[in-house]
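prediction below, plus the sequence it came from.
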Amino acid sequence: MDIRTQSALLASIIGLALGVSMLLRPGRPRVLTLYSVFTLTVAGYYLSLFFHSIFPAQDYPWVSRIALGSTVLIVSLVPGAAVAFFLEFLGVSKGTHLVGRRLALLSAVLGLTVAVTPLADKAWARVGMGA
């Protein structure tokens, strides 16, 4: 297990702890709920990256493919959670929220499309989805 695998596990644990601690607060405002969603999606990304690192494709082809697909799907959800949190945190007008939500939905649909098809194995498809 190299340092990148260990740091991915540590980042997922920290993100999970932050997200759950915000969810457990009584009477939390909407901004803390959105922060929790954002940290949980980042933690999920690092956790799936950790699983993709510890199950190499040559030894565990199906597990590695599922981990890669979940990594692609979860990373497509991170921008939507980030936009929702930052728009709420900054108190931006409701019209801007609508544009942000549409872009987040587009990102999630593209991520799902790449994650469940054989395109997830292609580097150009992952880069295009990220862009």
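Great, that's in hand. Numbers count the residues shown, from 1 in each chain.

and residue 80, how far from residue 97?
From residue 80 across to residue 97, the span is 12 Å (C-beta to C-beta, to the nearest Å). All C-beta spots, glycine's among them, are computed from the backbone N, C-alpha and C.

list the buried residues of the helix or strand hosting residue 85.
Under the criterion DSSP states H and E, the helix or strand holding residue 85 is helix 61-90. Within helix 61-90, the residues that qualify as buried by neighbour count (16 or more other C-beta atoms under 10 Å) are 64-85, 87-88.

I'd like the next helix or strand past it.
Heading C-terminal from helix 61-90, the first helix or strand you meet, by DSSP H and E, is helix 94-116.

for that next one, what is the average pLDDT?
Taken as a whole, helix 94-116 has an average pLDDT of 76.

tell me the helices and strands packed up against the next helix or strand after that helix.
Elements were assigned by DSSP H and E; along the chain past helix 94-116, the next helix or strand is helix 123-130. Packing partners of helix 123-130 (3 or more C-beta pairs under 8 Å, 6 or more residues apart in numbering; DSSP states H and E): helix 61-90, helix 94-116.

what packs against whichever strand or helix holds residue 35?
Element membership for residue 35, per DSSP H and E: helix 30-54. Using 3+ C-beta pairs under 8 Å, 6+ apart as the contact criterion, the elements in contact with helix 30-54 are helix 3-23, helix 61-90.

give me the residues contacting it.
With C-beta atoms under 8 Å, 6 or more residues apart in numbering as the contact definition, helix 30-54 has outside contacts at 1-2, 4-5, 8-9, 11-16, 18-20, 22-23, 25, 63-64, 67-68, 70-71, 74-75, 77-78, 81-82, 84-85, 88-89.
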